[in-house]
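1. sequence unknown, structure follows:
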Ligand SMILES: *Cc1c(COP(=O)(O)O)cnc(C)c1O
């Protein structure tokens, strides 16, 4: 039986994508070859890469606006240092909203001075700081749009006087924003776009080429742009599956349509968290993520019963991250509303049985 997969990442992808991707392993495009055995320079794969890049820009509304889309390796974690390598000359400004921002700051410190404009560490990252100011003398401002572990999400981005860099690993393609306010966006594929193994980078070309340091080729955005993400062998299969997921999203009506579904899923779960006296939300209400809902039990002794109930209902991946505890329901694009409805039923069932 197919599970209701609330896993935080790698995570659920559309069933139709799993089917098509599995068929391509045996025979890709009726070529008599598997996608796993073809050259990354073959015509068939070059067109996959081009379509993946084009769909990324199209879905974000960034076509013909001076942006390039790249599919790189090394995960979002490599972007923590690559952004700094390519953009940081003297000083950069960072907003610290959780584990991933903290890691990004740690890497960037290797390249220059970091000004932390605000942090929500004082309350174990259960809210998004607001009302901070961004220094005009920094090279860029970095933030994390969605905090996968703590379940908070930036709803309104600051008007940044300097280039705006954003880690969107866990909410890219999930909600409509004016994406042209960002100068560089990066996202590991495995949270909302594809399998692990590739990272999408969207970069405005005009912000590059300004640092004086020498940049190793593999870490140089301009080199990857010049080679259209084929400087070295790309993650062929991960890019292919990401492309299929982007096609699926476009056929569904794009970000506007998926956002409506995502909002429905998020309201269903948060409504129950707030209604049911056995649960308590972790994140401050105004900053709640529509992708990762974090909550705890108000009566810890019910843990075993609750775990038994959700497992019996075919739910997978509901345990919270160790730094928060409790539970985390990750509701990425491909998770159907029905799965959230099943979870809500289980939460109500706990109340009946407790
Ligand atoms: C998962 C995650 C990362 C790390 O991604 P890797 O691809 O494992 O390096 C970074 N930032 C955010 C917001 C994440 O959710």
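-> Received it, and whenever you're ready, just let me know what you need. Everything quoted here is computed from the prediction, not taken from an experiment.
2. Would you mind listing what in the stretch 101-250 of the chain touches the ligand?
-> Neighbours of the ligand within the stretch 101-250 of the chain, by Cβ under 6 Å from any ligand atom: 144, 148, 167, 169, 170, 188, 191. Glycine gets a C-beta too; all of them are placed from N, C-alpha and C.
3. Leaving out sequence neighbours, find the closest residue to the second one.
-> In space, residue 148 comes closest to residue 170 once its chain neighbours are excluded; the distance is 4.1 Å by Cβ to Cβ, 6 or more residues apart in numbering.
4. ok, the nearest residue in space to residue 127 that is not next to it in sequence - contacts?
-> Excluding the flanking residues, the one nearest residue 127 by Cβ to Cβ, 6+ apart is residue 284, at 4.2 Å. By Cβ atoms under 8 Å, 6 or more residues apart in numbering, the contact set of residue 284 is 126, 127, 128, 152.
5. Could you turn the buried ones of the residues you listed into a PyMOL selection?
-> A single PyMOL command selects the buried members of these (16 or more other Cβ atoms under 10 Å):
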select buried, resi 126+127+128+152
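6. Residue 341 and residue 271 touch, don't they?
-> No: distance between residue 341 and residue 271: 11.5 Å, which falls outside the contact criterion (Cβ atoms under 8 Å).
7. Give the buried residues for stretch 85-93.
-> Under 16+ other Cβ under 10 Å, the buried positions of stretch 85-93 are 85, 86, 87, 88, 92, 93.
8. Quick check: the last one touching residue 115?
-> Read that as residue 93. Yes: using Cβ under 8 Å, residue 93 is in contact with residue 115, at 4.9 Å.
9. what residues do the two have in common as contacts?
-> With contacts taken as Cβ under 8 Å, 6+ apart, the residues that reach both residue 93 and residue 115 are 135, 138.
10. Please work out how many residues are found near the one residue in the stretch 251-354 of the chain that gets nearest to the ligand.
-> When scored by Cβ to the nearest ligand atom, the stretch 251-354 of the chain has residue 292 as its residue closest to the ligand, at 8.6 Å. By the criterion of other Cβ atoms under 10 Å, residue 292 has 30 neighbours.
11. cool, residue 338 as well?
-> The criterion is other Cβ under 10 Å. On that basis, residue 338 has 10 neighbouring residues.
12. Next: residue 30.
-> Around residue 30 there are 6 residues (other Cβ under 10 Å).
13. Can you give the domain ranges for the protein?
-> 4-11+255-353, 15-252 (automatic domain parsing).
14. Format the ones you listed as JSON lines; extra columns: mean pLDDT.
-> Shown next, in JSON lines, are these (pLDDT from 0 to 100):
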{"stretch": "domain 4-11+255-353", "mean pLDDT": "97"}
{"stretch": "domain 15-252", "mean pLDDT": "98"}
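15. Touching, residue 269 and residue 293? I think so.
-> Yes: using Cβ under 8 Å, residue 269 is in contact with residue 293, at 4.8 Å.
16. quick one, which of these two is more surrounded?
-> residue 293 (26 against 23).
17. Next up, phi/psi of the closest residue to the ligand within the stretch 151-300 of the chain, please.
-> For the stretch 151-300 of the chain, the nearest residue to the ligand under the criterion Cβ to the nearest ligand atom is residue 188, separated by 3.0 Å. The phi and psi values for residue 188, taken as degrees, to the nearest 10, are phi -60, psi 140.
18. all strands of the protein, in order?
-> Assigned by DSSP state E, the strands in the chain fall at 4-5, 67-72, 91-96, 113-119, 141-144, 146-147, 152-153, 164-167, 184-188, 199-204, 279-281, 292-297, 315-316, 327-330.
19. what angle do the third one and strand 113-119 make?
-> Yep, that's strand 91-96 we're talking about. 30 degrees (axes from the mean of the first three to the mean of the last three Cα atoms, to 10 degrees).
20. who touches strand 91-96?
-> In contact with strand 91-96 (Cβ under 8 Å, 6+ apart) are residues 84, 101-102, 104-105, 108, 112-121, 129, 132, 134-135, 137-144, 162.
21. Can you turn the buried part of those into a ChimeraX selection?
-> A single ChimeraX command selects the buried members of the contacts of strand 91-96 (16+ other Cβ under 10 Å):
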select :84,101,102,104,105,108,112,114,117,118,119,120,129,134,138,139,140,141,142,143,144,162
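22. Now do the helices in this structure.
-> Assigned by DSSP state H, the chain shows helices spanning 15-26, 43-59, 75-87, 99-108, 221-226, 236-252, 254-275, 303-312, 337-353.
23. Which elements pack onto the fourth one?
-> Using 3 or more Cβ pairs under 8 Å, 6 or more residues apart in numbering; DSSP states H and E as the contact criterion, the secondary-structure elements in contact with helix 99-108 are helix 75-87, strand 91-96, strand 113-119, strand 141-144, strand 146-147, strand 164-167.
24. so can I have JSON lines of the ones you listed showing distance to residue 8?
-> Formatted as JSON lines, the helices and strands packed on helix 99-108 follow (distance: least, Cβ to Cβ, whole Å):
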{"stretch": "helix 75-87", "distance to residue 8": "13"}
{"stretch": "strand 91-96", "distance to residue 8": "20"}
{"stretch": "strand 113-119", "distance to residue 8": "22"}
{"stretch": "strand 141-144", "distance to residue 8": "15"}
{"stretch": "strand 146-147", "distance to residue 8": "11"}
{"stretch": "strand 164-167", "distance to residue 8": "15"}
